[in-house]
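**Student:** I'd like to go over a predicted model; first the sequence, then the structure.
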Amino acid sequence: MLKFVRNERALDLLLDDRKVYSIDPYAPAPIQVGNGENTYSMSHGSFKIKEALSEKKFVKLTNIANSDESALISTNFGDIQLDIEQGRRIRVTFSGFADFNRLWITLPSEKEECLYGSGEVFSEFNLKGKHANVWVAEHINALQIGKKLIKQVVGIKNTTRKQAFKKYETYYAQPTFISSKKYFFHSLTTARAEFDFTKDNETVIKTDQIAGFYIGFGESFEDLMNNLSCVLGRQPELPDWVFDGHILGIQGGTDTLLSKIKTAQDAGIPVNGAWIQDWEGRRVTAVGKQLCWNWEWDSELYPALDEKIKELGEKGIKVLGYINPFLAVEKPLYKEASEKGYTVKNKEGKDYYVTITTFPAAMIDLTNPDAWEWIKGVIKKNMIEFGLGGWMADFGEYLPTDCVLYSGEDPELVHNTWPARWAQVNREAVEEAGKLGEIMFFTRAGYSATPKYSTMMWCGDNHTDFSIDFGLPSVIPAMLSLTCCGFGLSHSDVGGYTSFFNLKRSEELYMRWCEMNAFTPVMRGHEGLNPDLNAQHDASEKVLSHNAKYAQLHAKLKPYIKAAVKKNAEDGLAVIRPLFFHYDEKEAYEEAYEYLLGRDILVAPVLKQGAVTREVYLPEDEWVHLWSGKEYRGGHHLVSAPIGEIPVFIRKGAEVLELLK
């Protein structure tokens, strides 16, 4: 339990009678304040940010008054209130600092300390030594893709090269991190934040706003994540049908939908869902087969879909759709929203159009209560009442900082919250329809409130290749970093999404991704940006057979995964976990490309094209290789890994072994 204790000159914070921090009014304060101004330029959701600082000042402590559970610190600029909550965490709030809009907080660190978080990070896991920019943005931009395509044309194809971390952007940013020392930090800011983990002996947090924060502790990582999720919120349990097989990614019309489902079932694939992202219409652009963002059933492309949804539902197959917070400017819903004043405006008072790939779109103003209820009504009527069993609630990253919002709020302070607001709209629609526990929607972007509103994350538009920063390998640290930020349910598109020109999905990549996703909470496919370039679930008899094997395996794991999902909902312990959550070993803290599915299954996906073996690190325990039954102890092992035998190890004696026989 935490408590404050005064000594002769300082205020000590004790955790079970062990001093974890000391506030000394005679020492330099660990807080600075100042002022600055940012300029932003956005292109297709990717941001360039320049900051001009005008001042930076140390905060001087002048007085401390405390009880066992709270402390009031007076300073030369205002007051800082510290309150202990539930004996496990401290909430810090500021008053009287109105003259400043910048805050720096310095925490002690150690050279060997490991730090994880700042949102969903695809190319790194342990961020010690890195500088993280916490700002919601498009993860993959056109310049990155263009450079990659050019290199491939001239024969350069280095899948292990990472882009510089300073160029890193992510769909899901969150001012949260956890430490190998079993504490977490979470800022209450909505502005841009920066985590400077580059120094051996200190961590510096900067926020572009004077905002409070939490610091919490745990005796174990399970306890720590329980503590963090008490602050952030938790995801509810998933619908029962989600675990029953493979949700196929299909598009192209009713006949194609039914034909592909039949082909999959004939091959032995347990199909529990069909995700048709083009249910509302298809837009073909120079980039690929995209969607027409008008959230109404396209009955020409999908004739009789309303009837087929019911028929498929009777067979245990849910039909899922797609929505995002944009509106196609040439379609009826935009006309209605624009006439009613429900769209985000520019400084001239006109609708603000954002270019997505090659086409403009308007944004629903989620700060307008009437617009909020309007789009929620669209979801309830056109999607839930229509019979969809779930949907992708895409985007949320693109709110410009130079727009004008109905609420009058500063868009720079609203930008990060936009994806969480979007998740909240979807969640309210589901709950008000009485369908929570029946419908699953999955989001791409996120911020601090996303864990309590979204029902599932997916890892965005990954490249259809084995590249470490954007392809199959990247989704593993992405899921693990989401876990460390308190979001416990995540998955990725089987086979990836971004495909263009010579960036296309091979059968091998599809099968390797399929293997991995069988060992995640949800097994869901995607045809990709350019379906005709990509191997799909029915690309060949070999792929169909492989898919059937792993979809059946995923369905066998239903009781195990379902129990882990329940644990996440009740205690905040994620389904996909880093190894160090359960093994206090140096390598466990550094391992970014293996993960635990629940407590008893260790998964080491194959990350390289053409590989038939993989070196696996096993923590000290007794492990059983899933395919051979051979027993292993901890250490490094080179294991056979042909296509169809992803390296998976089960803790000896675990009940889940019986499910997989």
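**Tutor:** In hand now; what should we look at?
**Student:** Pull stretch 475-490 out as PDB, backbone CA atoms only.
**Tutor:** Extracted in PDB, the C-alpha atoms of stretch 475-490 (Å, rounded to 0.1, in the frame of the first residue of the first chain):
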ATOM      1  CA  VAL A 475       2.000  -6.600 -35.900                       C
ATOM      2  CA  ILE A 476       3.700  -8.500 -33.000                       C
ATOM      3  CA  PRO A 477       5.200  -5.500 -31.200                       C
ATOM      4  CA  ALA A 478       2.100  -3.600 -32.200                       C
ATOM      5  CA  MET A 479      -0.100  -6.000 -30.300                       C
ATOM      6  CA  LEU A 480       2.300  -6.200 -27.400                       C
ATOM      7  CA  SER A 481       2.600  -2.400 -27.100                       C
ATOM      8  CA  LEU A 482      -1.200  -2.100 -27.100                       C
ATOM      9  CA  THR A 483      -1.200  -4.600 -24.300                       C
ATOM     10  CA  CYS A 484       1.200  -2.400 -22.300                       C
ATOM     11  CA  CYS A 485      -1.100   0.600 -22.800                       C
ATOM     12  CA  GLY A 486      -4.100  -1.300 -21.300                       C
ATOM     13  CA  PHE A 487      -5.800  -2.500 -24.500                       C
ATOM     14  CA  GLY A 488      -6.100  -6.200 -24.100                       C
ATOM     15  CA  LEU A 489      -7.900  -7.400 -27.300                       C
ATOM     16  CA  SER A 490      -6.100  -7.000 -30.700                       C
END
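**Student:** And for the nearest residue to Asp394 once chain neighbours are set aside, the neighbour number?
**Tutor:** Excluding the flanking residues, the one nearest Asp394 by CB to CB, 6 or more residues apart in numbering is Asn324, at 4.1 Å. Bear in mind the C-beta positions are built from the backbone N, C-alpha and C, glycine included. Per other CB atoms under 10 Å, the neighbour tally for Asn324 reads 22.
**Student:** for His246, same thing?
**Tutor:** So His246, with other CB under 10 Å, has 28 neighbours.
**Student:** doesn't Trp275 make contact with it?
**Tutor:** No - in this structure His246 lies outside contact range of Trp275 using CB atoms under 8 Å: 10.3 Å.
**Student:** what do the two both touch?
**Tutor:** 524-525 (CB atoms under 8 Å, 6 or more residues apart in numbering).
**Student:** thinking again about what came up before, for Glu113, see how far away the residue nearest to Asp394 is.
**Tutor:** 39 Å (CB to CB, to the nearest Å).
**Student:** Show me what the helix or strand Leu107 falls within is packed up against.
**Tutor:** Leu107 is part of strand 102-108 when elements are defined by DSSP states H and E. Applying 3 or more CB pairs under 8 Å, 6 or more residues apart in numbering; DSSP states H and E, one finds that strand 102-108 makes contact with strand 31-43, strand 46-58, strand 202-207.
**Student:** what's the closest of these to Gly460?
**Tutor:** Nearest to Gly460, of all the helices and strands packed on strand 102-108, is strand 46-58, at 13.4 Å by CB to CB.
**Student:** now for the next helix or strand after that closest one, which elements pack on it?
**Tutor:** Once strand 46-58 ends, the next helix or strand along the chain (criterion: DSSP H and E) is strand 61-66. Applying 3+ CB pairs under 8 Å, 6+ apart, we find strand 61-66 packed against strand 2-6, strand 70-75.
**Student:** rerun at 7 Å
**Tutor:** Packing contacts for strand 61-66, counted by 3 or more CB pairs under 7 Å, 6 or more residues apart in numbering; DSSP states H and E, involve strand 70-75.
**Student:** Would you mind giving the orientation angle of the next helix or strand after the strand it packs on with respect to strand 31-43?
**Tutor:** Once the chain leaves strand 70-75, the next helix or strand it forms, by DSSP H and E, is strand 79-85. Following axes from the mean of the first three to the mean of the last three CA atoms, to 10 degrees, one obtains 90 degrees for the angle between strand 79-85 and strand 31-43.
**Student:** So which bits of strand 79-85 are buried?
**Tutor:** 80, 82, 84 (16 or more other CB atoms under 10 Å).
**Student:** bridging residues for the last one?
**Tutor:** Pointing back at Ile84 there. Ile90 (DSSP bridges).
**Student:** And it, how close does it get to Leu638?
**Tutor:** Ile84 is 50 Å from Leu638, by CB to CB.
**Student:** Quick check: phi and psi on the closest residue to Pro360 other than its chain neighbours?
**Tutor:** For Pro360, ignoring the flanking residues on the chain, the nearest one in space by CB to CB, 6+ apart is Tyr353 at 3.9 Å. The phi and psi values for Tyr353, taken as degrees, to the nearest 10, are phi -100, psi 130.
**Student:** give the contact list for Tyr353.
**Tutor:** 329, 360-362 (CB atoms under 7 Å, 6 or more residues apart in numbering).
**Student:** For stretch 227-239, report the contacting residues that lie outside it.
**Tutor:** Against stretch 227-239 from outside (CB under 7 Å, 6+ apart): 88-89, 184, 186, 214, 216, 218, 436-440, 448, 451-452, 454-456, 486, 488-489, 521, 565-566, 568-569, 572.
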